[in-house]
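> return a 3D structure for these sequence lines:
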Amino acid sequence: MDFWSATIMLILVLDPLGNVPVCLALTGSLSPQRRNWVIVRENLIAWLTLVAFLLFGPWLLRTLGITDPALGFAGGAILFLIALRMMFNPPHRIMPTEQHLGEPLVVPLAIPLIAGPSAIAIVTLLVSTEPQRWLTWLGAITLASAVTLMVFLASQPLHRILGQRGLLACQRFMGILLLIIAVQMLIDAFETYWLEHLPALGEG
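Purely as a prediction, here's the structure:
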């Protein structure tokens with residue numbers, strides 16, 4: 001996987017367009033200046049979280065004894081389930097008409113809305129598969145986070161222009177793309193497992 005493939009995959013997993021209503025609901029009671037600051041701050045926290053797993057994720061997997069094929073199967077399965085949910089059964093979204101007291105701090109905007117389990121799993125998978133390319137994955141995380149930040153900052157006009165139906169259509173289209181990536185990851189993981197165990201089967 002190259003830089004652009006990783007970036008696109010991360011953008012699809014972060015799903016900034018699908019999370020626009022949630023962002024509006026969580027920041028709708030704030031002044032425009034404060035709202036922009038909160039969005040920047042929460043995106044920075046999410047970026048730092050993903051970078052932390054980029055740096056320490058492989059150590060955690062080695063400690064747990066998780067192999068690359070197992071991680072590939074798990075990552076593909078996670079993406080597959082997320083894609084199906086995005087396409088056919090979108091998760092419940094907090095509607096922008098709901099009022100929230102105060103402003104979000106780390107939870108739920110930064111974690112788990114942006115840096116959720118799926119994004120963390122993908123980042124860990126990327127760096128564990130090709131640890132020597134960690135700078136490439138860092139760039140992909142940064143660009144995907146920047147796209148998410150820009151979408152969140154423009155969430156109000158986007159919601160007015162696209163509406164709820166338009167945002168849902170975009171989310172389902174991204175789900176289709178994510179489903180294709182998930183299937184490819186599962187195929188790659190199966191090929192890796194098969195190549196690793198084929199000599200042992202031949203000897204047996």
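> report the contact partners of residue 61.
If a contact means Cβ atoms under 8 Å, 6 or more residues apart in numbering, then residue 61 has 71, 124, 128 as its contacts. (C-beta placed from N, C-alpha, C; glycine too.)
> packing partners for the longest helix seen in the chain?
Of all segments of type helix in the chain, defined using DSSP state H, the longest is helix 155-203. Of the remaining helices and strands, those touching helix 155-203 by 3 or more Cβ pairs under 8 Å, 6 or more residues apart in numbering; DSSP states H and E are helix 3-14, helix 20-27, helix 68-88.
> out of those helices, the one nearest residue 143 is which?
Relative to residue 143, the nearest member of the helices and strands packed on helix 155-203 by Cβ to Cβ is helix 3-14, separated by 5.0 Å.
> helices or strands up against that closest one?
Checking 3+ Cβ pairs under 8 Å, 6+ apart, helix 3-14 ends up next to helix 68-88, helix 117-129, helix 134-153, helix 155-203.
> of those helices, which is nearest residue 106?
Proximity to residue 106 (Cβ to Cβ) singles out helix 117-129 among the helices and strands packed on helix 3-14, at 14.5 Å.
> quick check: buried residues in the closest one?
Buried residues in helix 117-129, defined by neighbour count with 16 or more other Cβ atoms under 10 Å: 118-129.
> and what of stretch 186-197?
Applying 16+ other Cβ under 10 Å to stretch 186-197 flags 186, 188-189, 192-193 as buried.
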